[in-house]
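Engineer: Build me a structure from this.
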Amino acid sequence: MRADFTATMNTQYMYRIALGLEYDGSNYHGWQRQSAVDSVQARLETALSKVADTPVSIVCAGRTDAGVHASHQVIHFDTTAERPDVAWLLGGVQSLPADISLLWARRVPAEFHARFSATARSYRYVLLNRATRSALHAGRVTLWRPALDAERMHAAAQCLVGEHDFTSFRAQDCQSHTPWRRIESVKIQRFGEYLALDITANAFLHHMVRNIVGTLLPVGAGKWPVESVKEILLARQREAAGMTAPPDGLYLAAVRYPEAFGIEMPSARPAFWQGEAMPAPEVAASC
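Structural biologist: Residues are numbered from 1 along each chain as shown. Below you'll find the model as predicted:
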């Protein structure tokens, strides 16, 4: 009896913890831990390992590239360290640099997986459309000097809604086994001197959002017709599309999970400015 009791007392239970976070990716070589350069993952694992008093390895909902930001990334990790949620939250923040912060922490079922349980992800791309750079938001918006027509860009983007082969908008070194993705919605709005593209899909290919933005820019500038985006999509050739837009303006804005996990998907919100957007026109998808 005593032996069984002792064995039970020595058993270490594994807990799965989920965290929401935000970060400015300007100073990091992307999300993924790398041996010779700084990364968001390395900073988080170091901070959370201090709270756990043991090494922690984390999994994220979506890996972001160098210079890309997040207003709502989601991660999970497994640990034998039993801590209240607030300890993970405040203890983690205390050990993080100022450009990375935690939003919430909670214990989740073992079935939860930050990446594979996600049913949709939302990104926001922010453009500053004026002649001069921003002194306040350097590295967090993309400056585009030529005048842009948000309504033309919005109309052109509607052909991307639905399930399609997005070969024209994937990076040449994309490692996905299939170019097919399903975009639920895409919207371009103007907020004064700023334009924001909000896009939600089941998943994204490497550089997919940045390549979509780079293709919509000449449409907004009046250099390409609205119909050209549909033609580029159907061409299924990366060379047919526009440039890869800079990483500065890109934010992972939200991740959606089944309701059973109790993790709410925030709306993709303005990254740092306030005010009402000019209403985008209602345009039906044409693909």
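Engineer: after the least confident helix or strand in the chain by mean pLDDT comes which helix or strand?
Structural biologist: Lowest on mean pLDDT, DSSP states H and E among the helices and strands of the chain sits helix 2-10, with a mean of 46. Tracing the chain past helix 2-10, the next element assigned as helix or strand by DSSP states H and E is strand 15-23.
Engineer: V126 contacts R140, doesn't it?
Structural biologist: Yes. With contacts counted by CB atoms under 8 Å, V126 reaches R140, the gap being 7.4 Å. Just so you know, the C-beta spots here come from the backbone N, C-alpha and C atoms, and that holds for glycine as well.
Engineer: Give me the more crowded residue out of the two.
Structural biologist: A direct count of neighbours by other CB atoms under 10 Å for V126 and R140 places V126 higher, at 23 against 20.
Engineer: Give me the local confidence score for K223.
Structural biologist: Turning to K223, the model gives it a pLDDT of 97.
Engineer: host element of it?
Structural biologist: Short version, using DSSP H and E: K223 is in no helix or strand.
Engineer: tell me the strands in this protein, going along the chain?
Structural biologist: 15-23, 58-60, 69-79, 100-108, 120-128, 142-143, 162-165, 180-191, 194-201, 250-256 (DSSP state E).
Engineer: Paired strands for the shortest one, with orientation please.
Structural biologist: In this case it means strand 142-143. strand 120-128 (parallel) (DSSP bridges).
Engineer: Could you give the separation of the strand it pairs with from the chain centroid?
Structural biologist: The chain centroid and the centroid of strand 120-128 are separated by 8 Å, computed with CA atoms, centre = their mean, to the nearest Å.
Engineer: Which residues does it contact?
Structural biologist: 61-62, 71, 134, 137, 140-144, 148, 184, 193-204, 209-210, 213, 245, 249-256, 265, 268-269, 271 (CB atoms under 8 Å, 6 or more residues apart in numbering).
Engineer: Output the strands of the chain as JSON lines; include the columns mean pLDDT and distance to H29.
Structural biologist: Listed next are the strands of the chain as JSON lines, based on pLDDT from 0 to 100; distance: least, CB to CB, whole Å:
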{"stretch": "strand 15-23", "mean pLDDT": "97", "distance to H29": "13"}
{"stretch": "strand 58-60", "mean pLDDT": "98", "distance to H29": "15"}
{"stretch": "strand 69-79", "mean pLDDT": "97", "distance to H29": "14"}
{"stretch": "strand 100-108", "mean pLDDT": "96", "distance to H29": "14"}
{"stretch": "strand 120-128", "mean pLDDT": "96", "distance to H29": "19"}
{"stretch": "strand 142-143", "mean pLDDT": "97", "distance to H29": "19"}
{"stretch": "strand 162-165", "mean pLDDT": "98", "distance to H29": "30"}
{"stretch": "strand 180-191", "mean pLDDT": "97", "distance to H29": "26"}
{"stretch": "strand 194-201", "mean pLDDT": "97", "distance to H29": "24"}
{"stretch": "strand 250-256", "mean pLDDT": "96", "distance to H29": "15"}
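Engineer: can you redo those strands as a markdown table with distance to A155?
Structural biologist: Rendered in a markdown table, the data for the strands of the chain read as follows (distance: least, CB to CB, whole Å):
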| stretch | distance to A155 |
| --- | --- |
| strand 15-23 | 31 |
| strand 58-60 | 34 |
| strand 69-79 | 26 |
| strand 100-108 | 34 |
| strand 120-128 | 17 |
| strand 142-143 | 21 |
| strand 162-165 | 16 |
| strand 180-191 | 9 |
| strand 194-201 | 13 |
| strand 250-256 | 22 |
